[in-house]
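>>> got a predicted structure here, sequence first:
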Amino acid sequence: QIQLAESGGGLVQPGESLRLSCVASGLSSDTYTMAWFRQAPGKEREFVAALFRSASNKYYSDSVKGRFSISRDNARNTVALQMNSLKPEDTAVYYCAVGRPILSSMRGKEAYGWWGQGTQVTVSS
């Protein structure tokens, strides 16, 4: 049974940084895709970033490209999301997800079978 636990959320001012971490227990191999999604109040859960099957294949949404960076430590089954130059529109609950999507479906939340409980990120002055 795969279980995910996020940490690192909080309240920051615009322009500041945060680092989210997700520990995955029960993963039997490194062939899973690990991803981050976020959901703002009244909005659909949206794709943020993913490591497709291996740490070398990184994908980002256009809204965070150049500001966020996803990384993975296979030895610790941990995926991190470094968020720089945060904006108020980045405010959301951030979720870690694990799955085995094909490349064309990687940005869809339906492709992931395991989710963390979420961590709140608030960007406000």
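Arrived safely.
>>> tell me the secondary structure at Glu110.
helix (DSSP: H, G, I helix; E, B strand; the rest coil).
>>> hey, where'd the strands end up in this protein?
Secondary structure of the chain (DSSP state E): strands located at 3-7, 10-12, 18-25, 33-39, 46-51, 58-60, 68-73, 78-83, 92-99, 112-115, 119-123.
>>> what sits against Gln117?
Leu4, Ala5, Glu6 (C-beta atoms under 8 Å, 6 or more residues apart in numbering). Glycine gets a C-beta too; all of them are placed from N, C-alpha and C.
>>> same deal with Val12?
So Val12 contacts Leu18, Leu86, Val121, Thr122, Val123 (C-beta under 8 Å, 6+ apart).
>>> for Thr122, which non-adjacent residue is spatially closest?
Leu11 (4.6 Å; C-beta to C-beta, 6 or more residues apart in numbering).
>>> in PyMOL, how would I select the buried members of the contacts of Val12?
For the buried members of the contacts of Val12, the matching PyMOL selection, counting by 16 or more other C-beta atoms under 10 Å, is:
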select buried, resi 18+86+121+123
